[in-house]
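Undergrad: make a model of this:
(one chain, ligands or ions: 2)
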Amino acid sequence: MKLNYRIGQGFDVHAFGENRKLILGGIEIPYDRGLVGHSDADVLTHALCDALLGAAGLNDIGFHYPDTDPQYKNADSTLFLSLTVGQLKRMGWAVGNVDITVIAQEPKIAPHIARIKSNLARILFVSENEVSVKATTTEWLGYVGRKEGIAAQAITMIARIHPYDG
Ligand SMILES: Nc1ccn([C@@H]2O[C@H](COP(=O)(O)O)[C@@H](O)[C@H]2O)c(=O)n1
Ligand SMILES: C[C@@]1(CO)OP(=O)(O)OP(=O)(O)OC[C@H]1O
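TA: Residues are numbered from 1 along each chain as shown. Ligands and ions are numbered 1, 2, ... in the order given. Below you'll find the model as predicted:
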């Protein structure tokens, strides 16, 4: 018999670069630098995609949306999240809750968390109560502390909404 719940976790890091917007959870955060990547480098959304894909046993974001594919150049990463949610839905999974930590020395994320949660809840088809977004510094230690980039980790629980035999 298949279980009705599964958990997954994801982790991602992107480096800061010049002339880039800082996008987290699909929301533009005012800062003098942005993150560098093939897509918009939305590190929070990438970690969340990996958590959801991991929960469903579906490999990772780079497997489904390779950084060698020109169609994803500067892509809005919430597209990957929407596609992932659709993929899970077709397999009979709905998102239960997500818990995300952004690891950044700067900028302050707290003032933007309400907007990030609202945006993610809309894409995940859950209420904002099911979306937790937190932030921490690394107390000036390591690559995050040197303000070289931002890391994010995400954990999710998904629940089976209909049987799937694939
Ligand atoms: N980029 C960040 C980092 C932290 N916060 C908020 O500040 C609090 C204290 O952070 P510490 O790393 O010193 O524990 C943290 O709990 C967050 O609320 C933030 O908004 N943005
Ligand atoms: C999102 C993708 C695809 O554009 O590229 P990046 O923005 O570079 O992000 P990363 O987390 O390194 O890997 C996933 C990629 O396939």
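Undergrad: every contact and neighbour count from this point should use C-alpha atoms.
TA: Fine.
Undergrad: now do the contacts for the closest residue in space to residue 16 that isn't next to it in sequence.
TA: Closest residue to residue 16 apart from its sequence neighbours, by Cα to Cα, 6 or more residues apart in numbering: residue 35 at 4.4 Å. Counting by Cα atoms under 8 Å, 6 or more residues apart in numbering, residue 35 touches 14, 15, 16, 17, 20, 21, 22, 23, 41, 42, 149, 150.
Undergrad: and residue 35, how far from ligand 1?
TA: Noted for residue 35: a distance of 14 Å to ligand 1, by Cα to the nearest ligand atom, to the nearest Å.
Undergrad: quick check: which element contains residue 98?
TA: strand 93-103 (DSSP states H and E).
Undergrad: and that strand, C-alpha only, in CSV?
TA: The C-alpha coordinates for strand 93-103 follow below in CSV (Å, rounded to 0.1, in the frame of the first residue of the first chain):
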residue,chain,number,x,y,z
TRP,A,93,-0.1,14.9,-5.1
ALA,A,94,-1.1,18.2,-3.5
VAL,A,95,1.2,20.5,-1.5
GLY,A,96,0.6,20.2,2.2
ASN,A,97,2.9,22.9,3.6
VAL,A,98,6.3,24.3,2.8
ASP,A,99,9.0,25.7,5.2
ILE,A,100,11.8,27.8,3.7
THR,A,101,14.9,29.5,5.1
VAL,A,102,16.7,32.1,3.2
ILE,A,103,20.4,32.4,4.3
